[in-house]
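Peer 1: Take this sequence and fold it.
(one chain, ligands or ions: 1)
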Amino acid sequence: MSGRATTWPSEGDPVTDVSTSSETTSAEAEVESSSYDAAQRRSRQIEADLARDAGRYRMLTGDRPTGRLHIGHYFGSLANRVRLQDLGVDSWILVADYQVITDREGVGPIRERVLSLLVDYLAVGIDPARSTIFTHSAVPALNQLMLPFLSLVTDSELRRNPTVKSELAASQRPMSGLMLTYPVHQAADILFCKANVVPVGKDQLPHLEQTRVVARRFDEVYGRARAEESVFPQPDALLSEAPNILGTDGQKMSKSRGNTIEIGMTADATAKIIKRAVTDSDRNITYDPAGRPEVANLLLLASLCTGRTPQEWADEIGDGGAGRLKAVVTEAVNSTFAPIRARRAELEADQGHLLEVLAAGNARANEVADATLDEVRRAMGMAYDLG
Ligand code: TRP
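Peer 2: Here you go, the predicted structure:
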């Protein structure tokens, strides 16, 4: 209708159409390194600009309420969100409750998990006066965007999304319609509020690329509500430079492996899990990430909590062995998280306050989503002005 050329992929193209491929590799491995490099360059530019001109940016990010957040989440993303919020970036944080059902059957104890996420957010310093916290399920207009957006993507694009492939493999379930299309739902998460920056890990880059494609095609296919401006911005990834913390067994930190230190754990439980952490038999503690990954990971954790480098900690511990190393890490983690845990306890005791925060965030998200859906209908010629 708009007469502009649309940038669809060519369905039969043997180079781009790999939808029949059954291999499932890790999403991280599949993100092309050239596009990763480009995203990283762009991300660094934005970081520099953010410090000067935070007011130009709206950030959206979110978490699935599938369990309790751990200190990997804290150092990998929560601390960064607080930093961005404090810089003055307009911050939106989504409790992605509908996304829970992409890779599992049923939602589990969802209310409890949503509230626990909220407690973690507030306890680490997300300030509801400056950050909008909301749930998918409370924002109908956000979800309605998925309908036109679905018309803008192809089956093969979705099937070759590396993140969908690896989540599908991990879920050990057949591909559901929602699993296949959840990157489009995630595009709605980002675009409904016209976020222009999205702090993500490398594994989420394919979704951001899909979001940019949706934004561009919407403009090409349906046009604009106002001639001078496309309805949706093309958001950029803000790639985390934070080091990746492993679990106490040296594997990826994940609830299902029982190797996590939760933000909300007690000091005793934290000590217990660190005591069980895997190390090696060399009593002399050195910082050698390639040769001694488990020991290096504990040193890194001490470093993140204290601001001293892993090397400094290794030098100080020296011949103290794994016992001394674990004592240092336990002390560092427990003292860093003590104030956060104290705030957690206060917040947990005041459910009324939590519900108010969520209600206010949901109301704000609805206002913005309704306005965006209005523009979308206008661009699509579906604003019939019925009065
Ligand atoms: N997919 C993200 C995760 O699994 C959560 C999420 C949902 C998200 N919607 C988002 C992240 C939008 C960034 C932007 O962790």
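
Peer 1: Find the residue closest to residue 362 in space, skipping its chain neighbours.
Peer 2: The shortest distance from residue 362 to any non-neighbouring residue, by C-beta to C-beta, 6 or more residues apart in numbering, is to residue 138 (4.0 Å). To be clear about C-beta, it is placed using only N, CA and C from the backbone, and glycine gets the same treatment.

Peer 1: State whether that neighbour and residue 365 are indeed in contact, as I suppose.
Peer 2: Yes: if you go by C-beta atoms under 8 Å, residue 138 and residue 365 touch, sitting 7.2 Å apart.

Peer 1: Look at the two and report which has more neighbours.
Peer 2: residue 365 (23 against 18; other C-beta atoms under 10 Å).

Peer 1: Can you give me the separation between the more buried one and residue 193?
Peer 2: 7 Å (C-beta to C-beta, to the nearest Å).

Peer 1: what residues are shared contacts of the two?
Peer 2: 92, 132 (C-beta atoms under 8 Å, 6 or more residues apart in numbering).

Peer 1: Could you pull up the contacting residues of residue 195?
Peer 2: Counted by C-beta under 8 Å, 6+ apart, residue 195 has contacts 58-60, 92, 233, 235.

Peer 1: that's a strand at residue 93, yeah?
Peer 2: Yes: judged by DSSP: H, G, I helix; E, B strand; the rest coil, residue 93 forms part of a strand.

Peer 1: Work out for me the element the residue nearest to it when sequence neighbours are not counted sits within.
Peer 2: Leaving aside its sequence neighbours, residue 93 sits nearest to residue 133 (C-beta to C-beta, 6+ apart; 4.8 Å). Residue 133 belongs to strand 131-135 when assigned by DSSP states H and E.

Peer 1: Run through the neighbouring helices and strands of that strand.
Peer 2: On a contact count with 3 or more C-beta pairs under 8 Å, 6 or more residues apart in numbering; DSSP states H and E, strand 131-135 meets strand 90-95, helix 110-124, helix 351-379.

Peer 1: same thing but 6 Å
Peer 2: strand 90-95, helix 351-379 (3 or more C-beta pairs under 6 Å, 6 or more residues apart in numbering; DSSP states H and E).

Peer 1: what about it and the ligand, any contact?
Peer 2: No: shown here: strand 131-135 not in contact with the ligand (C-beta under 6 Å from any ligand atom), separated by at least 11.1 Å.

Peer 1: Mind checking what helix or strand follows that strand in sequence?
Peer 2: Next element after strand 131-135 (DSSP H and E): helix 140-150.

Peer 1: quick check: mean pLDDT across stretch 285-302?
Peer 2: Averaging pLDDT along stretch 285-302 gives 97.

Peer 1: list the buried ones in that stretch?
Peer 2: Within stretch 285-302, the residues that count as buried by 16 or more other C-beta atoms under 10 Å are 285-287, 292, 294-302.

Peer 1: With stretch 250-269 instead?
Peer 2: So stretch 250-269, judged by 16+ other C-beta under 10 Å, has buried residues 250, 253, 259-265.

Peer 1: Which pair of those spans the longest distance?
Peer 2: 250 and 264 (23.2 Å; C-beta to C-beta).

Peer 1: helix or strand for the residue of the stretch 151-300 of the chain found nearest the ligand, which one?
Peer 2: Using C-beta to the nearest ligand atom, the closest approach of the stretch 151-300 of the chain to the ligand is made by residue 189 at 4.1 Å. Element membership of residue 189, judged by DSSP H and E, is helix 177-191.

Peer 1: mind listing the strands for the stretch 251-387 of the chain?
Peer 2: For the stretch 251-387 of the chain, applying DSSP state E, counting those that start in this stretch gives no strands.
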